[in-house]
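Student: I'll drop the sequence and a predicted model, then ask my questions.
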Amino acid sequence: IRDLHRRNLESNTTPECLCWQVKELVLDNCRSDDGKIVGLSSDFENLEFLSMINVNLMSISNLPKLNKLRKLELSDNRISGGLEVLAERTPNLTHLNLSGNKIKDINTLEPLKKLPNLHSLDLFNCEVTMLINYRESVFTLLPQLTYLDGFDADEQEAPDSDPEADGDGLEDEYENGEGKDFLLFLGNSSFFSFSTIVLLYK
């Protein structure tokens, strides 16, 4: 695989066969093209963690089907609705961060009822958090939730996040030299067409 990576850098192409190996993908501060991130597709079938913070997304309608995705970071975008897409394309989602978006009404969150495994939702800096009885309303609407904005219904703070869910375990393995089959992609390839870091797990 390392030889494939070397040839990719030389030829400025990325073999599609590597996509299925990616478990964690961080695209923070890239810029979407009409709501799309070029190169992000359902070929990333084993993706568990996806971060698209501050990528100027106004909609998630173009999110590909990612059945194994568990954690989705979408903070600091311009999303105001259309959340029904998540139940169809990310049915196993457990963590969702929509902080800093244009969510104004409780009803906008109703499609999240169809995500039975969702137990952590963040809406910091969204207008909806200013509504009277905001927390009570969200917990009533989404009974599967355990944590809202980092606290449960009894105002108990969430414990440190699960390393496996966050992908931190993957990073630790790489840093400790244990994940010898990891590859680190840096730079601009024609396949991704954005500057990013991708950890590939063999």
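Tutor: Right, received. Where do you want to start? Numbers count the residues shown, from 1 in each chain.
Student: strands of this structure, start to end?
Tutor: Taking DSSP state E as the criterion, the chain contains strands spanning 22-26, 49-51, 71-73, 95-97, 120-122, 147-148, 183-187, 196-200.
Student: so how far is residue 159 from the residue lying closest to residue 91 once chain neighbours are set aside?
Tutor: On the basis of C-beta to C-beta, 6 or more residues apart in numbering, the spatially nearest residue to residue 91 that is not a chain neighbour turns out to be residue 67, at 6.4 Å. For glycine as for every other residue, the C-beta is placed from the backbone atoms N, C-alpha and C. Going from residue 67 to residue 159 by C-beta to C-beta, to the nearest Å gives 27 Å.
Student: so these two - more neighbours on which side?
Tutor: When residue 67 is set against residue 159 and neighbours are counted by other C-beta atoms under 10 Å, the residue ahead is residue 67, at 12 against 7.
Student: just to check, that one is in contact with residue 93?
Tutor: No: Residue 67 sits out of contact with residue 93 when judged by C-beta atoms under 8 Å, with a separation of 10.2 Å.
Student: mind picking out the helix or strand in the chain with the poorest mean pLDDT?
Tutor: For the chain, using mean pLDDT, DSSP states H and E, the weakest element among its helices and strands is strand 183-187, scoring a mean of 34.
Student: how much space between the most centrally placed residue in the chain and residue 130?
Tutor: Among the residues of the chain, the smallest C-alpha distance to the mean C-alpha position (C-alpha atoms, centre = their mean) belongs to residue 72, namely 2.3 Å. Relative to residue 130, residue 72 is positioned 24 Å away (C-beta to C-beta).
Student: now the terminal residues of stretch 62-73, how far apart.
Tutor: Using C-alpha to C-alpha, to the nearest Å, the span of stretch 62-73 from its first residue to its last is 15 Å.
Student: begin at 24 from now on, thanks
Tutor: Will do, 24 is the new start, and the previous item becomes stretch 85-96.
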